[in-house]
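>>> show me the folded form of this:
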Amino acid sequence: IDYRRDDNDIVVSTLFQKLRPDVFGSEGEAFAPLKALDVTVGGTANFRISMTGGLKYASFDLSSGAGKVTLPHPHLKNIDVKSITATGHVDVDLERLVVKNLVVDLDGPTIAVNGSASRSADHTDFKAGLVIDGLPVNDFSRYWPPDMASGAREWITENIQGGIFTNGRAELSGRIETVG
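From the prediction side, this is the model:
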């Protein structure tokens, strides 16, 4: 713990291990997505807190061991992972989340994501980059939900067999309108 006299903030640095994120999933709406992570996590987290107790900034550098992840799509339940690593930060004043690097190791294939999301009064803007590497082509249907780009999914899964998908990249950006 460090007190920053020049900006009247308190800085808390933590080092932890064997943390179960899913346990916090019932602690409110903001933590609900953590229910999806059936893994044990360790790493560091740093928090900048105002003298009035409000969180101003947080950074994280996390890694997990093997476990399961359940994404909010019926097709993507209980995905086995070898490990997950993540680094990034949250700037509360700017209402911005930055994920510098998120890597999910599927015990061979990897999915790497980076990106950011910024919230305004009536919308959230997001930008993300995605890299998929080492995914066997025959496993596409396992990770690609049938209701997402179904025509392309059907053609690819029926017409491309064997081989390894390497260095696949995608860039996404957009705006999500929000209420309140």
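>>> helix or strand for Val12, which one?
Assigned by DSSP states H and E, Val12 belongs to strand 9-19.
>>> equivalent analysis for Ala117, please.
Judged by DSSP H and E, Ala117 forms part of strand 110-119.
>>> going by neighbour count, list what's buried in that strand.
For strand 110-119, a neighbour-count test (16 or more other C-beta atoms under 10 Å) marks Thr110, Ile111, Ala112, Val113, Asn114, Gly115, Ser116, Ala117 as buried. Where C-beta positions appear, they are placed from N, C-alpha and C, glycine not excepted.
>>> count of residues packed around Ala170?
By other C-beta atoms under 10 Å, 10 other residues sit near Ala170.
>>> ok, the closest residue in space to it that isn't next to it in sequence - contacts?
Using C-beta to C-beta, 6 or more residues apart in numbering and skipping the chain neighbours, the partner closest in space to Ala170 is Leu130 (4.5 Å). Residues in contact with Leu130, defined by C-beta atoms under 8 Å, 6 or more residues apart in numbering, are Ile111, Ala112, Val113, Arg169, Ala170, Glu171, Leu172.
>>> repeat that with 7 Å
Taking C-beta atoms under 7 Å, 6 or more residues apart in numbering, we find Leu130 in contact with Val113, Arg169, Ala170.
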